[in-house]
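1. below is the structure, and that's it, no one-letter string:
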């Protein structure tokens, strides 16, 4: 038994269309399934947990990264597997898994392959699946969200980056990585990554592995605003990690403190003063 969880507003209505096409595809093949539409924030988590409690085999998230993350939260440590049909503007976790971007090949893969485990993350008491971070990317995301109505892929994020350069100020951060690394200073970016991509395909953590039991932590030193554009090509091509201003660590646990911090949690911006990140090894079964 399969359940489709469709976010009807994701991708400016693209998810609703793909959900209907997937329903028709499954109907034609006589595959038992049900379709549920989300109605509010967190609804996908409730629907997914109910499906897992009822012993369903697979829940397919039809939407963007937010819908995928919410659905995954409801399936943690269950035997019910997550499938993904991309229908958002970024679809970054799908890229980390190397899944098809078109709905029909993705659905065929779900139906023909056994699920495999992936890691997930906990930040304080919140679930996350892809990447969390603070600093420049949060300011860029502020502007990105308004542009998503008109653009897809990396374009909204690039717009946000350009807008953020003008007013960005590095934030003071205290970062503890595992038991050995402690950093105190003003930094441009601190990203805690399970997946590899942000902003519709920007490889912020290009060597991250969703099944290694560790986060990739990317910390970027502060630079003057006028220098930021010179680092953008490296960010877009995954080479930022090789620059002298970038520090790369791997750990299953991270502590981050910053006064007045605003955190990007899988595309949602949340105010927090202190964040404790914990990697959950093999917590979620996914068709990939």
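-> Okay, I see it. Note that the structure is predicted; figures quoted are calculated from it, not measured. Numbers count the residues shown, from 1 in each chain.
2. tell me which residues of the least confident helix or strand in the chain by mean pLDDT come out buried.
-> Least confident element among the helices and strands of the chain, by mean pLDDT, DSSP states H and E: helix 136-147 (a mean of 77). Across helix 136-147, burial judged by 16 or more other C-beta atoms under 10 Å covers 136, 137, 138, 139, 140, 141, 143, 144, 147. Yep, even glycine has a C-beta here, placed from its N, CA and C like the rest.
3. so what's the gap between stretch 58-69 and the chain middle?
-> Between the centre of stretch 58-69 and the centre of its chain there are 11 Å (C-alpha atoms, centre = their mean, to the nearest Å).
4. for that stretch, give the mean pLDDT please.
-> The average pLDDT within stretch 58-69 is 96.
5. then stretch 11-25?
-> 95.
6. how far off centre is it?
-> Its chain's average C-alpha position is 21 Å from that of stretch 11-25, according to C-alpha atoms, centre = their mean.
7. which residues in the chain form helices?
-> Remark: helices assigned in the chain by DSSP state H are 14-28, 43-53, 65-75, 92-97, 103-112, 136-147, 155-167, 228-237.
8. list the contacts of the least confident helix or strand of the chain.
-> If you take C-beta atoms under 8 Å, 6 or more residues apart in numbering as the criterion, helix 136-147 is touched by 155-157, 159-161, 163-164, 167-168, 188-189, 191, 198-199, 204, 220, 228, 262-264, 267, 269.
9. now it against helix 228-237, angle please.
-> Angle between the axes of helix 136-147 and helix 228-237 is 80 degrees (criterion: axes from the mean of the first three to the mean of the last three C-alpha atoms, to 10 degrees).
10. gap between helix 136-147 and the chain center?
-> Centre to centre, stretch against its chain (C-alpha atoms, centre = their mean), the figure for helix 136-147 is 15 Å.
11. could you check the angle helix 155-167 makes with it?
-> 130 degrees.
12. what's across from residue 181 in the sheet?
-> Counting by DSSP bridges, residue 181 is bridged to residue 177.
13. ok, the one 10 residues further on next?
-> Using DSSP bridges, the bridge partners assigned to residue 191 are residue 133, residue 218.
14. as a markdown table, the helices of the chain with distance to residue 82 would be great.
-> Listed next are these as a markdown table, based on distance: least, C-beta to C-beta, whole Å:
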| stretch | distance to residue 82 |
| --- | --- |
| helix 14-28 | 15 |
| helix 43-53 | 8 |
| helix 65-75 | 5 |
| helix 92-97 | 10 |
| helix 103-112 | 9 |
| helix 136-147 | 24 |
| helix 155-167 | 25 |
| helix 228-237 | 29 |
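15. out of the ones you listed, indicate the one that is most buried.
-> Across those, averaging neighbours per residue (mean count of other C-beta atoms under 10 Å) puts helix 65-75 on top, at a mean of 26.
16. which other helices and strands contact that one?
-> helix 43-53, strand 58-63, strand 81-86, helix 92-97, strand 126-128, strand 274-286 (3 or more C-beta pairs under 8 Å, 6 or more residues apart in numbering; DSSP states H and E).
17. how much space separates the closest residue to residue 80 other than its chain neighbours from residue 284?
-> Leaving out its chain neighbours, the residue that sits closest to residue 80 by C-beta to C-beta, 6 or more residues apart in numbering is residue 52, at 4.0 Å. Applying C-beta to C-beta, to the nearest Å, the value for residue 52 to residue 284 is 11 Å.
18. now do the shared contacts for the two.
-> residue 75.
19. which ones are touching the residue positioned nearest the centre of the chain?
-> Per C-alpha atoms, centre = their mean, the C-alpha nearest to the average position across the chain is that of residue 130, at 3.2 Å. Neighbouring residues of residue 130 by C-beta under 8 Å, 6+ apart: 65, 69, 92, 93, 96, 193, 194, 195, 197, 198, 266.
20. ok, now with 6 Å
-> 92, 93, 195, 266 (C-beta atoms under 6 Å, 6 or more residues apart in numbering).
21. quick one: low-confidence ranges for the stretch 101-250 of the chain?
-> 149, 152-153 (pLDDT under 70).
22. now with 90, please.
-> Counting by pLDDT under 90, the stretch 101-250 of the chain shows low-confidence ranges at 125, 136-169, 171, 180, 199-202, 225, 232, 235-236.
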